[in-house]
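Trainee: Sequence first, then the predicted structure, then my questions.
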Amino acid sequence: MTTYAFSDAQLIDQWIISLKARKLAARTVKIRRYYIERLARRVPLMTATLDDLQGILAEHDEYKPETMKSIRSTWRGFFQWAVLTGRLASDPTLGLLPIRIPRTIPHIAPDDDVKRAMDRASLRDRAMLQLARLACLRLTELTTLHTDDRHGDSIIVEGKGGKQRRVYLHPHLEHTLNELEYRQGRGWYFPGMGGSHMHPMSVNKIITHLCGNNPHSLRHAGATSAYRATKDLRSVQEMLGHASLAVTQRYLHVNEEGLRAAALATSLSVEARIRAA
């Protein structure tokens, strides 16, 4: 296969065009450009080696495993495309081992904290809290919500990878959005500067300051509450916008009562106890 010399900027621009041609979501394209440009600032893309990539990954102890996995996935996608299209002769990510994501116990926002926050919140801030807790939206999803996304008692949410899903509204949330629309009119539910929506980090600060818990912990709490009430894992998965049931299961918090009940259920049967005696 014949390869040609390209500058890093040319390679990145051509790759980004290929991503857009695949109709990837704008947010996905933006984050992938960010990761590959950061790599290009460390090592020339045309001559990057497996040792280069492993060394860079090893340096970033401050990143969460999920972020490291996203970086690795971006690198793999870029170099696979470059080899497939004849721009590079070999793929330095072939020996790059998968990122291990340890299983941790999720933190969920206590209902008492959320209720106190809602009681003292403004209408706008109450909508933020309810979208995170009652609709289980991700931070970016609730920040970018527009009145055009609303369809009666449901909203159309664009999640990761540009995937859309329908989320039905809890009656309390539906009432809050009705009131917010009446006051603000059509547009972003949380307008920011320059005619756009607020920055997700601004919304994160508001929710965390009000509630003492971050938006993701409210999402965990809503998912756990929904599953306890319905025992319908598949519907909870759809509501959260997860690609797999395994991811949804990691979201669910098993309460102490359930864990104690499981421990007690390990008792020997009566017949076994008699035989042992």
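Mentor: In hand now; what should we look at?

Trainee: What are the phi and psi values at R138?
Mentor: R138 adopts backbone torsions of phi -70, psi 160, taken as degrees, to the nearest 10.

Trainee: again with H146
Mentor: Reported as degrees, to the nearest 10, the phi and psi values for H146 are phi -120, psi 150.

Trainee: State the distance from Q249 to P106.
Mentor: Q249 is 11 Å from P106, where distance means CB to CB, to the nearest Å. Glycine gets a C-beta too; all of them are placed from N, C-alpha and C.

Trainee: Looking at these two, which has the bigger crowd around it?
Mentor: P106 (17 against 13; other CB atoms under 10 Å).

Trainee: and that one, that one's in a helix?
Mentor: No: inclusion of P106 in a helix is not indicated when DSSP: H, G, I helix; E, B strand; the rest coil is applied; the result is coil.

Trainee: What sits closest to it if chain neighbours are left out?
Mentor: Sequence neighbours aside, H220 is the residue nearest to P106 in space, at 4.8 Å (criterion: CB to CB, 6 or more residues apart in numbering).

Trainee: and if you look at D111?
Mentor: Beyond its immediate neighbours in the sequence, the residue positioned closest to D111 (CB to CB, 6+ apart) is A221, lying 7.1 Å away.

Trainee: how about the one you found, what does it touch?
Mentor: Taking CB atoms under 8 Å, 6 or more residues apart in numbering as the contact definition, A221 lies against I108, A109, P110, D111, V114, R133, H253.

Trainee: A135 against A226, yeah?
Mentor: No: under the contact definition of CB atoms under 8 Å, A135 does not touch A226, with a separation of 10.3 Å.

Trainee: shared neighbours of these two, anything?
Mentor: Shared between the contact lists of A135 and A226 (criterion: CB under 8 Å, 6+ apart) are residues M239.

Trainee: Compare neighbour counts for these two and give me the winner.
Mentor: More neighbours surround A135 than the other of A135 and A226, with 23 against 20 (other CB under 10 Å).

Trainee: right, and the secondary structure at the more buried one would be what?
Mentor: Following three-state DSSP, the label given to A135 is coil.

Trainee: And the pLDDT for the spatially closest residue to G241 that is not a sequence neighbour?
Mentor: Once its chain neighbours are removed from consideration, G241 has its nearest residue in G159; the separation is 3.8 Å (CB to CB, 6+ apart). The predicted local distance difference test score for G159 is 83.

Trainee: what sits against the residue lying closest to I206 once chain neighbours are set aside?
Mentor: When the adjacent residues along the chain are set aside, I206 lies closest to D125, with 5.8 Å between them (CB to CB, 6+ apart). Going by CB under 8 Å, 6+ apart, D125 touches I206, I207, L210.

Trainee: Name the nearest of those relative to V236.
Mentor: The shortest gap between V236 and any of the contacts of D125 belongs to I207, at 21.5 Å (CB to CB).

Trainee: who touches that closest one in this structure?
Mentor: When the contact criterion is CB under 8 Å, 6+ apart, the partners of I207 are D125, M128, L129, A132, N213, N214, P215, L218.

Trainee: at 10 Å what do you get?
Mentor: I207 is in contact with 109, 114, 117, 121, 125, 128-129, 131-133, 139, 142, 213-218, counting by CB atoms under 10 Å, 6 or more residues apart in numbering.

Trainee: Which ones among those residues lie within helices?
Mentor: 114, 117, 125, 128-129, 131-133, 139, 142, 215-218 (DSSP state H).

Trainee: What distance do you get for A25 to E66?
Mentor: Using CB to CB, A25 is found at 18 Å from E66.

Trainee: I meant to write L131 there.
Mentor: Using CB to CB, one obtains 22 Å as the distance from L131 to E66.

Trainee: Neighbour count: the two, which is higher?
Mentor: The neighbour comparison of L131 against E66 (other CB under 10 Å) goes to L131, with 33 against 10.
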